[in-house]
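Participant: make a model of this:
(3 chains)
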Amino acid sequence: MGQPSYSAAELAERFGLELQGDGAVRVHGVGTLARAQAGQLAFLANSKYRSQLAESQASVITMRAEDATGHTGTVLVARDPYAAFARMSALFEPRPLRPAGIHASADIAADAHVDPSAHVGAFVSIGPRSRVEAGAVIGPGCVIGDDCVVGAGSELVARVTLVTRVRVGQRVTVHAGAVLGAAGFGLAMEGGMWLNVPQLGGVVIGDDCEIGANTTIDRGAIEDTVLEEDVRLDNQIQIGHNAFIGAHTAMAGCAAVAGSARIGRYCLIGGGAGVLGHLEVCDKVMVTAMSLVTHSIREPGEYSSGTPLMDNRSWRRNAARFKQLDALARRIGRGQAGKDPADPDDQSR
Amino acid sequence: MGQPSYSAAELAERFGLELQGDGAVRVHGVGTLARAQAGQLAFLANSKYRSQLAESQASVITMRAEDATGHTGTVLVARDPYAAFARMSALFEPRPLRPAGIHASADIAADAHVDPSAHVGAFVSIGPRSRVEAGAVIGPGCVIGDDCVVGAGSELVARVTLVTRVRVGQRVTVHAGAVLGAAGFGLAMEGGMWLNVPQLGGVVIGDDCEIGANTTIDRGAIEDTVLEEDVRLDNQIQIGHNAFIGAHTAMAGCAAVAGSARIGRYCLIGGGAGVLGHLEVCDKVMVTAMSLVTHSIREPGEYSSGTPLMDNRSWRRNAARFKQLDALARRIGRGQAGKDPADPDDQSR
Amino acid sequence: MGQPSYSAAELAERFGLELQGDGAVRVHGVGTLARAQAGQLAFLANSKYRSQLAESQASVITMRAEDATGHTGTVLVARDPYAAFARMSALFEPRPLRPAGIHASADIAADAHVDPSAHVGAFVSIGPRSRVEAGAVIGPGCVIGDDCVVGAGSELVARVTLVTRVRVGQRVTVHAGAVLGAAGFGLAMEGGMWLNVPQLGGVVIGDDCEIGANTTIDRGAIEDTVLEEDVRLDNQIQIGHNAFIGAHTAMAGCAAVAGSARIGRYCLIGGGAGVLGHLEVCDKVMVTAMSLVTHSIREPGEYSSGTPLMDNRSWRRNAARFKQLDALARRIGRGQAGKDPADPDDQSR
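Facilitator: So this is what the prediction gives:
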């Protein structure tokens, strides 16, 4: 199997980029600006790395016009070099063969429907009334329960579970180990024992979403848990039942959204951040890593909680004072005021 | 397959509820109070939503007697409407068929025992000396290693792993992707290399427990890791080796309990909260989301750590001061000592 | 199948330990010092538990010479009793049979290579150009994609996924449910939609590493994600694309390392701790549980963030003051201003 290779001129034409330099130069792979070798394509998206240009061995580099000035190598000029690089590097991505058809070992319910153009891998189970649409890929070891849909062109990479009533849109990728549609965590206490609240809803995943490895998205209690289109979830994210995530929102690894929380569009939720249940977060909110959203957010912007990292000795001293913070503030109040309005014994007024 | 349907009078009799209004009204599903349609059952558990009653299209609503006064629709009066709703809605839950018997593809050790009334799905492995008791359900893709037991009426939903020496009680549900009985994280440093400490114990899961999707519970080093009965774990929880979780304790998603920690009964551990190793937490402790339990807790009550969410600009200003907190406190302390430089009324100097 | 049993003298000789007492005493298992029974081996590593010695029923105890003084039972004297115990207890670990050979159900690509001495379990998929080396164990339900290597003597316990381009060294253990080599979370925003950045790199796992259950390690974007030798990762850890983890570093459960972070050797990362992307952490850094590393660390030592656990009422009072911390500090500063002892330009005193 030969490696694909492209000339700079071919890339310029294919991706609508302006060529600067020798268009006959060929690339057969990609590299970082600092470590690319001859025959590789690299990118310069952030001008602060411009000093690496002179040393770079990359045969072709995509960058903005202003960074290209004076550079003598072959350049593909792009308004957004990172996006241009992303599109071009897809040419070099080795893709596993996923031919249409159903592996002999797969176990598929009689009333399930698999489009003839779809791929179903080894050791896949598909339950009653579920559908796999055109061109979809169900990788090895996936389990699809009852009443699920995998939309056209979507891929469950491997060992994904759609438990029940999960409707996945088109061009969605679900990475290995993810579990969608597990029963939400609904409990009522009755006579000293927990009583399970049946989870009758499903999960709806919009078109062009991406769901990370070992991420979990529970099905709704009565209505559905919903991700709108183009939501991007990293690995090990937990989405509780009846949560709603707006279009184009991206969440980094290990973030968690509790039940019935509603997150807007174009939000960025940092790694390990949490959103409590039944809150609303408006569009275009950014939450920094490991922050906890404890109240609804009505204004776009960046939000944080937590304390800075310190050496442990300093941290211990300061953290101990955190326990005295209210008392300290009262002393400051008393001291400053001379007439603390909160102090009933204050005779100075 | 027709939908099941029940009259209000049938529900009242079956669940011991008092009927108010037209007992002939039939329901075939459930809805939320605000969005239910005709033919659906809804509930009103929290009186603050009472204003939604007038507008609700639900055919039957379960609520407390005091909320039902003056309501003209059909009501099933319950002391605990949420629990009553939970029990009734189970009637409408579509349940996958799990007939008794072993799927042809399953790989079962010669000396394993599967009760004839149990269901074993496709691509299931069951190892030597393991037992699956009466009525248990082993969903597709599960792996049960050596010397495990799945008790009567328990279900491993799909792609669950019981690694070794895992004894699951009766009526337990283990959701997809969970891993019980992996070797605990036991290490000794020897000559600059880590040495594995063999993990010879097992895991014991009491009756009526629920284990969430992709949750992990390690087996013990010498003795067992133990969950007493009716412990409820949400998704992506991590329980370290030799931890002990008391009966009826519930933990929300992404919480973690380190090795040899001991948690009491009827505790509520919030999402993403952590409990350090070798600590003891007494009964009836509530830990709020993303708090870290760094010392044993001897008194029931609610416990927290962390800081409030703020806009990032404010947070940065305040967080920077956290690093000075001890110094600030010392200055206050010095100041207060009779000659507070911050006190304009201080005449002592 | 009889239990193995060893005399104290045999153990002393085999592990190079000094025998004190009756060498003919036999043990057939292990126990904790406090709860061991006759016929069991226990250890005393921490002198603070020395008071348990007199009551212990263990037939043989390994401990340091200074703790053994005056103890009348059978002792195996060790410089490092915990390590000695770890080595000896491996004798009593029941190990599942993993005979050489490929299970009849396994689905193996024509151009994959499995060493004849390796074990491949039920329902395993192995993709094109992948290799399983001598003595390796691929447990049931594992999925190995294209272009992967599992080195000699390594074990994928069960339901592990190596997605693509994952090269696992020798004597590595990967626990159930782990996913290595999923596409890293690389996104570019283009015209209001997310564009996937292809992840062309792989994952390299050094010799003697251990990867916990349901842990995820993404493959690199251009270059590889790397774990050097003897890295020990607990369960549910997330390692982002192009992260680099130095040899002998250990990370506790639920820790997370974002993309392109570089962690040194012999680091200890606490449970639930996070490391932001593109940071560098030098050798021998310890990060306490649930701390967030927000800047590079250049000095070995212990680092922390967060606040102490408090009862919720106190916490609320203090946490509310955190939002006023900068204002409070300014008041202290102002109060002092006029006579700020820290201000060298202050002429007022």
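
Participant: switch to C-alpha atoms for all contacts and neighbour counts from now on
Facilitator: Fine.

Participant: ramachandran coordinates for the residue sitting nearest the centre point of chain A?
Facilitator: With distances taken as Cα atoms, centre = their mean, chain A has residue A:233 as the residue nearest its mean C-alpha position (2.5 Å). Its backbone dihedrals place residue A:233 at phi -110, psi 130, with angles given as degrees, to the nearest 10.

Participant: got it, and residue A:225?
Facilitator: Geometry field for residue A:225 lists phi and psi as phi -80, psi 140, criterion degrees, to the nearest 10.

Participant: what do you get for residue A:47?
Facilitator: Per-residue torsions, residue A:47: phi -60, psi -20 (degrees, to the nearest 10).

Participant: wait, doesn't it sit right on residue A:67?
Facilitator: Yes. Look at residue A:47 against residue A:67 with Cα atoms under 8 Å: they come within range, at 6.9 Å.

Participant: ok, those two, which is more surrounded?
Facilitator: The residue with more neighbours, out of residue A:47 and residue A:67, is residue A:67; 16 against 12, by other Cα atoms under 10 Å in any protein chain shown.

Participant: pretty sure the more buried one sits in a strand.
Facilitator: No. Counting by DSSP: H, G, I helix; E, B strand; the rest coil, residue A:67 is not part of a strand but helix.

Participant: what's the burial count for the residue in the stretch 101-250 of chain A that chain B sits nearest to?
Facilitator: Proximity to chain B, evaluated over the stretch 101-250 of chain A using Cα to the nearest Cα, is greatest for residue A:197 at 4.6 Å. Residue A:197 is surrounded by 23 other residues when neighbours are defined as other Cα under 10 Å.

Participant: can you tell me the closest non-neighbouring residue to it?
Facilitator: Closest residue in space to residue A:197, ignoring its immediate chain neighbours: residue B:86 at 4.6 Å, by Cα to Cα, 6 or more residues apart in numbering or on different chains.

Participant: does the one you found count as helix, strand or coil?
Facilitator: Applying three-state DSSP: residue B:86 is helix.

Participant: also the one 3 residues further on?
Facilitator: Taking three-state DSSP as the rule, one finds residue B:89 in the helix state.

Participant: so what's it up against?
Facilitator: A:197-198, B:29-30 (Cα atoms under 8 Å, 6 or more residues apart in numbering or on different chains).

Participant: from those residues, which two are the most distant?
Facilitator: A:197 and B:29 (14.3 Å; Cα to Cα).

Participant: can you check the pLDDT for the spatially closest residue to residue A:29 that is not a sequence neighbour?
Facilitator: In space, residue A:29 comes closest to residue A:40 once its chain neighbours are excluded; the distance is 4.8 Å by Cα to Cα, 6+ apart. Reading off the per-residue confidence, residue A:40 sits at a pLDDT of 97.

Participant: low-confidence stretches in chain A?
Facilitator: Applying pLDDT under 70 to chain A picks out residues A:1-2, A:334-349.

Participant: now do the helices in it.
Facilitator: For chain A, helices defined by DSSP state H occupy the ranges A:8-15, A:65-68, A:81-89, A:312-322, A:325-337.

Participant: tell me which of these sits most buried.
Facilitator: Burial of those is given as mean neighbour count (mean count of other Cα atoms under 10 Å in any protein chain shown); helix A:81-89 ranks first at a mean of 21.

Participant: what's the angle from that one to helix A:8-15?
Facilitator: Taking axes from the mean of the first three to the mean of the last three Cα atoms, to 10 degrees, one finds that helix A:81-89 is oriented at 100 degrees with respect to helix A:8-15.

Participant: wait, the residue nearest to residue A:29 sits on residue A:60?
Facilitator: Yes. Applying Cα under 8 Å as the test, residue A:40 and residue A:60 come out as touching, 6.7 Å apart.

Participant: shared neighbours of these two, anything?
Facilitator: Each of residue A:27 lies in contact with both residue A:40 and residue A:60 under the rule Cα under 8 Å, 6+ apart.

Participant: gap between the residue of the stretch 101-250 of chain A found nearest chain C and residue A:136?
Facilitator: The nearest approach of the stretch 101-250 of chain A to chain C comes at residue A:234, 6.0 Å away (Cα to the nearest Cα). Between residue A:234 and residue A:136 the distance, using Cα to Cα, to the nearest Å, works out to 21 Å.
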